[in-house]
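Engineer: just to be clear, the model below is a prediction. Sequence and coordinates:
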Amino acid sequence: MISVKKALVSIKKSCEITIHSETININNAINCVISSDILSPINMPPFRQSAMDGYALNIHSNLNYELKGEIKAGDNINPLLKPGEAVRIFTGAPVPDSANAVMMQEKTTIKNEVLYLTESVKPDTNIRPLGEQVLKGDVALKKGAKLNSAAIAYLTSLGITEVKVYKKPKIAIVVTGNELAQAGEPLQYGQIFESNAAMLESALKKSGYDNVTIHQVADNYEKTLKTLKEVLHLNDVLLVSGGISVGDYDFVGSALKELGVTEHFYKVKQKPGKPLFFGQKDEKYVFALPGNPAAALTCFYIYVLTALERLNGNSDFSLHKINAVSQSNFIKKGNRAQFLKAVYSNDSVEILEGQNSSMLHTFAIANALVFLDEDITQIIKGDKVETILLPIH
């Protein structure tokens, strides 16, 4: 059995950034990681730009200016202003080359077509200089940057329509168990509705991994072996739900061994999620997750997501951790590390009731996990505790 820390180290050492890249449309690139530096094709802004609604001035020694028209955003004009002359200008409009400041309209008055300033203005005030964000030919975003909504908007503002990104892994989810029925079907005595596939698929898609297929197999060795062989051949990452423990009908471990999957670790000294398997065959990666849903989802956030992000080029990925003030008392049983479902708000965290690994009702309202390392035996209200914020919003 391996510790949580050593399990994460094993994943980080084993999961190398893919060498495979693809060029995609910028509108489809959310959560992708760019595989090479992106150089700006233009200056941004591409002209001296007004930061305010007001007046562009050619500064002189007085506070009064002669008005010479106006410039709106999008106007393609560049009037020549003499000292003491001004034009009405609006936010985002091009500042004339002959103007050296913009005075906001709130600090001006107009009388008989003469502009009066209520105070003096310094050169370059309220002017966004050419290339203030980025100069043409400079690096707009570095290799390894993950494209969020702001990054996509930024690149689009530079006129970029396509980006070269790391190719996201193809992922297969295999759920095992004779007891599983599909939602919408009649539920027979002894059966439960299968939910882990929907849970894992939605968690994957929330994190930007859309290339996902789902497969179900009964508790039969030959069928398990056949299914795992097929999906391992067609995918980069395999997530198996259930069948990895030591019961008489848990066939996943034996099947993976027969398929030549090298075990990096099996069983982690933690609760929930002890029977976690991580292995590899060539450039294919396998996580066999516990069948209990809360345990499976915990392992997904802590381990699977770390592996996927590394494979996708985000080598510095880690879930956001903070020290929050506990609003709960908790006594840990046993000597395993523990991940506790919790609700975090305003630097405080409340540990929820219902921590059983089979229970999802508390996970449904949790937005964090409180982590207790092996040597921590209890939490007293008011203690600062390590809190892992979940990427659910």
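Structural biologist: Cool, got the structure.

Engineer: tell me the buried residues in stretch 256-265?
Structural biologist: Within stretch 256-265, the residues scored as buried using 16 or more other C-beta atoms under 10 Å are 256, 259, 261, 264, 265. For the C-beta atoms, the positions are set from N, CA and C on the backbone; glycine is no exception.

Engineer: just those residues: which are in strands?
Structural biologist: With strands identified by DSSP state E, the entries of the buried residues of stretch 256-265 that belong to them are 264, 265.

Engineer: any chance of TSV for the buried residues of stretch 256-265, columns pLDDT and distance to residue 349?
Structural biologist: As requested, these are arranged in TSV below (pLDDT from 0 to 100; distance: C-beta to C-beta, whole Å):
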residue	pLDDT	distance to residue 349
256	94	37
259	96	42
261	96	38
264	97	32
265	97	29
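
Engineer: could the buried residues of stretch 256-265 be laid out in TSV, adding distance to residue 97?
Structural biologist: Rendered in TSV, the data for these read as follows (distance: C-beta to C-beta, whole Å):
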residue	distance to residue 97
256	69
259	69
261	67
264	63
265	65
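
Engineer: and the buried residues of stretch 256-265, which is closest to residue 237?
Structural biologist: Using C-beta to C-beta, residue 261 comes nearest to residue 237 of the buried residues of stretch 256-265, at 12.3 Å.

Engineer: isn't the closest one right next to residue 286, touching?
Structural biologist: Yes - applying C-beta atoms under 8 Å as the test, residue 261 and residue 286 come out as touching, 5.4 Å apart.

Engineer: what is in contact with those two at once?
Structural biologist: Residues touching both residue 261 and residue 286 by C-beta atoms under 8 Å, 6 or more residues apart in numbering: 232, 279, 280.

Engineer: quick one: buried ones out of these?
Structural biologist: 232, 279.

Engineer: would you turn the shared contacts of residue 261 and residue 286 into JSON lines with distance to residue 8 and secondary structure?
Structural biologist: Shown next, in JSON lines, are these (distance: C-beta to C-beta, whole Å; DSSP: H, G, I helix; E, B strand; the rest coil):
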{"residue": "232", "distance to residue 8": "24", "secondary structure": "helix"}
{"residue": "279", "distance to residue 8": "16", "secondary structure": "strand"}
{"residue": "280", "distance to residue 8": "16", "secondary structure": "strand"}
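
Engineer: could you chop this protein up by domain?
Structural biologist: If the domains of the chain are taken from automatic domain parsing, they occupy 4-19+168-311, 21-43+133-166, 49-128, 321-389, with pieces of a single domain joined by a plus sign.

Engineer: of those domains, which stretch is the most buried?
Structural biologist: Neighbour counts (mean count of other C-beta atoms under 10 Å) averaged over each of the domains of the chain peak at domain 4-19+168-311, with a mean of 19.

Engineer: how far off centre is the host helix or strand of residue 205?
Structural biologist: With the criterion set as DSSP states H and E, the secondary-structure element containing residue 205 is helix 196-206. Counting by C-alpha atoms, centre = their mean, to the nearest Å, helix 196-206 is centred 15 Å from the centre of its parent chain.

Engineer: pairing partners for the helix or strand following that helix, with directions?
Structural biologist: For helix 196-206, the succeeding helix or strand toward the C-terminus, using DSSP H and E, is strand 212-217. If you go by DSSP bridges, strand 212-217 pairs up with strand 171-176 (parallel).

Engineer: now the strand it pairs with: mean pLDDT?
Structural biologist: Averaging pLDDT along strand 171-176 gives 94.

Engineer: and that strand, C-alpha only, in PDB?
Structural biologist: C-alpha atoms of strand 171-176 as PDB (Å, rounded to 0.1, in the frame of the first residue of the first chain):
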ATOM      1  CA  ILE A 171     -10.800   8.500 -22.700                       C
ATOM      2  CA  ALA A 172     -12.900   5.300 -22.100                       C
ATOM      3  CA  ILE A 173     -15.000   4.600 -19.000                       C
ATOM      4  CA  VAL A 174     -15.700   1.000 -18.300                       C
ATOM      5  CA  VAL A 175     -18.200   0.200 -15.600                       C
ATOM      6  CA  THR A 176     -18.300  -3.400 -14.200                       C
END
